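Student: 3D, please:
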Amino acid sequence: MGRFNHTAIALFFTAVLLGGCSTIKLYKDVLPQNLVVDSRIESVEATLDIYSVNGQCETDYKGTVILDRKNLELGIATGIPSYLVVGFAGSSFWGNSSSFISYDFTLVPRKAHQYEIEVSYIDDIYHIALYETNQNTGSKREMADNELANCR
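Tutor: This is a model prediction of the structure:
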């Protein structure tokens, strides 16, 4: 269910996460908090990178959220496309190796809607699902993948 992303992004985040570097720009969320990230992560480091997308399909990096707790609540701008990248970085000290896997999608949050991303990495298997809940009716639906490549 995932896609391998750009090599440069993978190398950058692998170096940052595994090297203990503190150069990550932490995401400053907006109000209202309309996104919940439900994460279950074992044996790897996980991040959520958030970008805004303009009318020419160009991205602007807004920051990174470290997925180090089960439930994180944050806000992303409504009515504006967001490009979201979930990344998993792992390493083996004894095997002297590292790995990076990421999954990306775009989302245009709507007013009066709540979003939930389920993120898990257990036993070397990852799963990502995105849901939208209408706050007026309570109806919840799983959202289909929407790649940035489909922007135009």
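
Student: Can you find the helix or strand of this structure with the lowest average pLDDT?
Tutor: Within the chain, no helix or strand scores below helix 7-19, which has a mean of 43 by mean pLDDT, DSSP states H and E.

Student: What is the subsequent helix or strand relative to that helix?
Tutor: Of the helices and strands lying after helix 7-19 in sequence (DSSP states H and E), the nearest is strand 35-41.

Student: export that next one as CSV, just CAs?
Tutor: Coordinates of each C-alpha in strand 35-41 appear next as CSV, following Å, rounded to 0.1, in the frame of the first residue of the first chain:
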residue,chain,number,x,y,z
LEU,A,35,-6.0,15.8,12.4
VAL,A,36,-5.3,12.9,14.7
VAL,A,37,-2.4,10.6,14.1
ASP,A,38,-2.9,7.2,15.7
SER,A,39,0.5,5.5,15.6
ARG,A,40,1.8,2.1,16.7
ILE,A,41,5.5,2.0,16.0
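
Student: and for the helix or strand just after it, what are the contacting residues?
Tutor: The first helix or strand that comes after strand 35-41 along the chain, using DSSP H and E, is strand 45-53. Contact with strand 45-53 is made by 13, 17-18, 24, 27, 37, 39, 59-68, 76-77, 80-90, 106, 117, 119, 121, 148, 151, as judged by CB atoms under 8 Å, 6 or more residues apart in numbering. Bear in mind the C-beta positions are built from the backbone N, C-alpha and C, glycine included.

Student: Buried members of these into ChimeraX, please.
Tutor: Typed into ChimeraX, the line below selects the buried ones among these, using 16 or more other CB atoms under 10 Å:
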select :13,17,27,37,39,59,62,64,65,67,76,81,82,83,84,85,86,87,88,89,90,106,117,119,121,148,151
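
Student: Isn't Leu67 up against Ile117?
Tutor: No. Between Leu67 and Ile117 there is no contact under CB atoms under 8 Å: 9.5 Å.

Student: what's the overlap in contacts for the two?
Tutor: Common neighbours of Leu67 and Ile117 (criterion: CB under 8 Å, 6+ apart): Val37, Leu48, Val86.

Student: can you pull the pLDDT of the residue lying closest to the first one once chain neighbours are set aside?
Tutor: Going back to what we said before, that points to Val37. The shortest distance from Val37 to any residue other than its chain neighbours is 4.5 Å, reached at Leu72 (CB to CB, 6 or more residues apart in numbering). At Leu72, the pLDDT value in this model is 94.
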